[in-house]
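[1] Show me the folded form of this:
(one chain, ligands or ions: 1)
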Amino acid sequence: MPSMRRKCGLNHLRGALVLLLASTKALAQTTTSSATASTAASTTSIYISYSTGTATSETTPTSAPFPPVGSIPRDYSPSGLENIWSLVGTVTAPPFTTTPVPTASVILPSPPPPLYPTWYAPEPSAIFPNYKLPKGFKFGVATAAYQVEGAVKNEGKGPSVWDWASRQPDAIVDNSTADITDLHYFLYKEDAARMAALGVNAHSFSISWARIYPFGAADSPVNQAGLSHYSDVIDYHWSLGIEPVVTLFHWDTPLALVAYYGGFTSSQIVDDFVNYAKTVFQAYNGRVNTWYTFNEPRVYCSELGGYPFNTSFAPGINASTAPYQCYYNLLNAHAGAVKAFRAMGISGEIAFKNDDFVGQPWRANSTEDVEAVERHAAFQIGVFSNPVYTTGDWPEIVKETIPESYLPRFTEQQMQDLLGSADFFAIDSYRSMLIAAPPNGIASCMSNMSDPLWPACNSIEFYDSNAGWALGPSADPQEDSWLEATPQTLRYSLQQLHERWPTNKMYISEFGFAEPYEAERKDMFRITEDSTRTNYYMTYLGEALQSIYEDGIPLMGTFSWSIVDNAEWSSGFSTRFGIQYVNYTTLERTYKRSALALSEFFMAHLQ
Ligand code: BGC
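    Here you go, the predicted model:
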């Protein structure tokens, strides 16, 4: 299974365990662990499939030498910035550096013929036609700076860790970089106009920290061009009736901070992040209503112990402890930013974006599987959401399993700052699957840090245990190690989230699907016919309507990932999540069926 064998980045972390032989400590479930920082030759890895438990081995390359943490002087001059850029190497400049203003209005293509009956109805507008979405509901789309902006070295931006990571051997499946990607940085007006033509009323995008602070640090200079850019982006969206929803951090840590002190493995990140957050809050206060501090912290932190990020840890941290130090520092950074947000009287609501799901037992009458679900909920969501929404502290299950030497415990003050540090609950709800206990039992796994499933001690199953049938259609083979379309689980999933971490408002802050083999299709008429993705969206939205009306879930928005095809982390451009096709030679965008279906659905259901 090629998707099980991908070595870096994020998506495979959700579907496969990767163990480097040099370190047998598995990290959080669906995460990678690896040897300590290495600049030497390659290492042999074992890749384990969740569903089959079978292992294959192959050779993992190692990153280009990264200077020892702290060895690069803090020189905040232009030549100091070049010095940090030299860690990345040469970047490809964009084909143009101005922002065209769309002149003609965007005309949607004529509606495609009906697909075939979805689970609900032949037409998007006929899905529970009497269930209207609550007033103020956000018909959202989502993007992230690294994945869509390009122009990585323009207008004063500093390098991010992903500008560096994408250049490490074999780190990206197709050896691509995001130097240009969609060039949304310069094409944001066209993109906004194309959103508006669909009737989209909210765009959730992230700000690149390294555009605002090229060196990242609190005592380093602000880049005015970066601040002005996002100011223009925000105003332009409003001018077309699209609400800007802002995420401060979507995984693109300024590389300078990684070089200075090991990024999120050091507690120094807290002050630097809070300072960056305050600058952004101040700059856009009153023009942004919905804010996120972090996107999917668990996924981000889990990657830090693995290739190619295992090069730069804070003193005393190693590949095994790095993710947990990151959990701790990131949560303190979140709490600090929210404290500042409230002290500054910034208007609007703030939270962070969770990922994953609670899940259901794989074998209905297995008490160990029921227990495994609790562990899954605690390790995938509770680990960030208990401190923020319910207890101020790590879940008990997590504390029982992970020693303090790995996962620092919070002080009373930190717990006070964390508890209540979010105004709503956001979930990137791509899927929800079945959860099984480890074959050797939970107790044995818990007591053995070398167990491949330690510390979460459960596995995700993609098919029904009795019949052996898949839970739903698989995504593109690049993503099928983690993604199946599982709309039938959405209502239960939202109920569980709402019960366990109750709030008055929820958003599905991302959902989406990689149409199978789409990147291999050549003819436009085949590419735009993304029927599996369309069915994914329509069935999820049908379930979402029922969640609101029949289950009382306070869902106030859904954000489709993504408005355009983009740089999909370690999958590069070999997989596509866009509701618009992007021609990476001409940068032209084309609506796919899913975009038109979403438009039709929302035009019929928004009030
Ligand atoms: C991430 C996105 C990513 C998407 C599809 C989400 O979890 O936030 O950055 O592109 O999944 O894999």
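[2] Please make it C-alpha for all contacts and neighbour counts, starting now.
    Will do.
[3] and the next element down the chain from the helix or strand hosting residue 559?
    When elements are assigned from DSSP states H and E, residue 559 belongs to strand 555-561. Using DSSP H and E, the helix or strand that directly follows strand 555-561 along the chain is strand 580-582.
[4] Off-centre distance for the helix or strand just after that next one?
    Sequence order places strand 589-591 as the next helix or strand after strand 580-582, per DSSP H and E. Between the centre of strand 589-591 and the centre of its host chain there is 23 Å, according to C-alpha atoms, centre = their mean, to the nearest Å.
[5] thinking again about what came up before, packing partners for the strand holding residue 559?
    Other elements packing on strand 555-561 under the criterion 3 or more C-alpha pairs under 8 Å, 6 or more residues apart in numbering; DSSP states H and E are strand 138-142, strand 506-511, helix 531-551.
[6] hmm, try it at 10 Å
    strand 138-142, strand 202-206, strand 425-428, strand 506-511, helix 531-551 (3 or more C-alpha pairs under 10 Å, 6 or more residues apart in numbering; DSSP states H and E).
[7] could you give the angle of it to strand 506-511?
    Compare the direction of strand 555-561 with that of strand 506-511 by axes from the mean of the first three to the mean of the last three C-alpha atoms, to 10 degrees and you get 10 degrees.
[8] strand partners of strand 555-561, parallel vs antiparallel please.
    strand 138-142 (parallel), strand 506-511 (parallel) (DSSP bridges).
[9] For residue 187, pull up the helix or strand it's in.
    Element membership of residue 187 [criterion: DSSP H and E] is helix 184-198.
[10] list the buried ones in that helix?
    Within helix 184-198, the residues that count as buried by 16 or more other C-alpha atoms under 10 Å are 184-196, 198.
[11] thinking again about what came up before, make TSV from the helices and strands packed on strand 555-561 and add mean pLDDT, distance to residue 242 and mean neighbour count to it.
    TSV is the format used below for those (pLDDT from 0 to 100; distance: least, C-alpha to C-alpha, whole Å; neighbours: other C-alpha atoms under 10 Å):
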stretch	mean pLDDT	distance to residue 242	mean neighbour count
strand 138-142	99	9	25
strand 202-206	99	5	25
strand 425-428	99	19	24
strand 506-511	99	16	23
helix 531-551	97	20	21
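[12] any chance of these in TSV, plus distance to residue 167?
    Below are the helices and strands packed on strand 555-561 laid out as TSV (distance: least, C-alpha to C-alpha, whole Å):
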stretch	distance to residue 167
strand 138-142	25
strand 202-206	22
strand 425-428	28
strand 506-511	27
helix 531-551	31
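[13] Compare these and give me the one nearest residue 284.
    Comparing those by their distance to residue 284 (C-alpha to C-alpha), the top pick is strand 202-206, with 13.3 Å.
[14] helices or strands up against that closest one?
    Right, strand 202-206 is packed against strand 138-142, helix 145-148, helix 184-198, helix 224-239, strand 243-249, strand 290-295, strand 555-561 by 3+ C-alpha pairs under 10 Å, 6+ apart.
[15] who does the helix holding residue 187 touch, helix- and strand-wise?
    strand 138-142, helix 145-148, strand 202-206, helix 224-239, strand 589-591, helix 593-605.
[16] Dump the ones you listed into TSV; add distance to residue 425 as well.
    TSV is the format used below for the helices and strands packed on helix 184-198 (distance: least, C-alpha to C-alpha, whole Å):
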stretch	distance to residue 425
strand 138-142	15
helix 145-148	22
strand 202-206	15
helix 224-239	23
strand 589-591	30
helix 593-605	22
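[17] out of the ones you listed, which comes closest to residue 529?
    Of all the helices and strands packed on helix 184-198, it is helix 593-605 that lies closest to residue 529, at 5.6 Å by C-alpha to C-alpha.
[18] Give me the number of neighbouring residues for the nearest residue to residue 388 once chain neighbours are set aside.
    Setting aside the residues directly before and after it, residue 388 is nearest to residue 419 in space (C-alpha to C-alpha, 6 or more residues apart in numbering), at 4.6 Å. The tally of other residues near residue 419 (other C-alpha atoms under 10 Å) stands at 18.
[19] close enough to count as contact, residue 419 and residue 335?
    Yes: counting by C-alpha atoms under 10 Å, residue 335 is a contact partner of residue 419 at 8.4 Å.
[20] And for residue 522, the neighbour number?
    Neighbours around residue 522, by other C-alpha under 10 Å: 9.
[21] ignore the last one, residue 302
    The burial count for residue 302: 24, using other C-alpha under 10 Å.
[22] what separates it from residue 499, distance-wise?
    As judged by C-alpha to C-alpha, to the nearest Å, residue 302 and residue 499 stand 26 Å apart.
[23] Also residue 539?
    Going from residue 539 to residue 499 by C-alpha to C-alpha gives 23 Å.
[24] Pull the contacting residues for residue 499.
    Taking C-alpha atoms under 10 Å, 6 or more residues apart in numbering, we find residue 499 in contact with 493, 553.
[25] Over to the one 3 residues further on?
    Counting by C-alpha under 10 Å, 6+ apart, residue 502 touches 389, 390, 424, 425, 495, 496, 554.
[26] related to what we said a few turns ago, can you tell me how far the residue nearest to residue 388 is from residue 485?
    Going from residue 419 to residue 485 by C-alpha to C-alpha gives 34 Å.
[27] Likewise for residue 525?
    Distance from residue 525 to residue 485, by C-alpha to C-alpha: 23 Å.
[28] Then residue 414?
    Residue 414 sits 38 Å away from residue 485, going by C-alpha to C-alpha.
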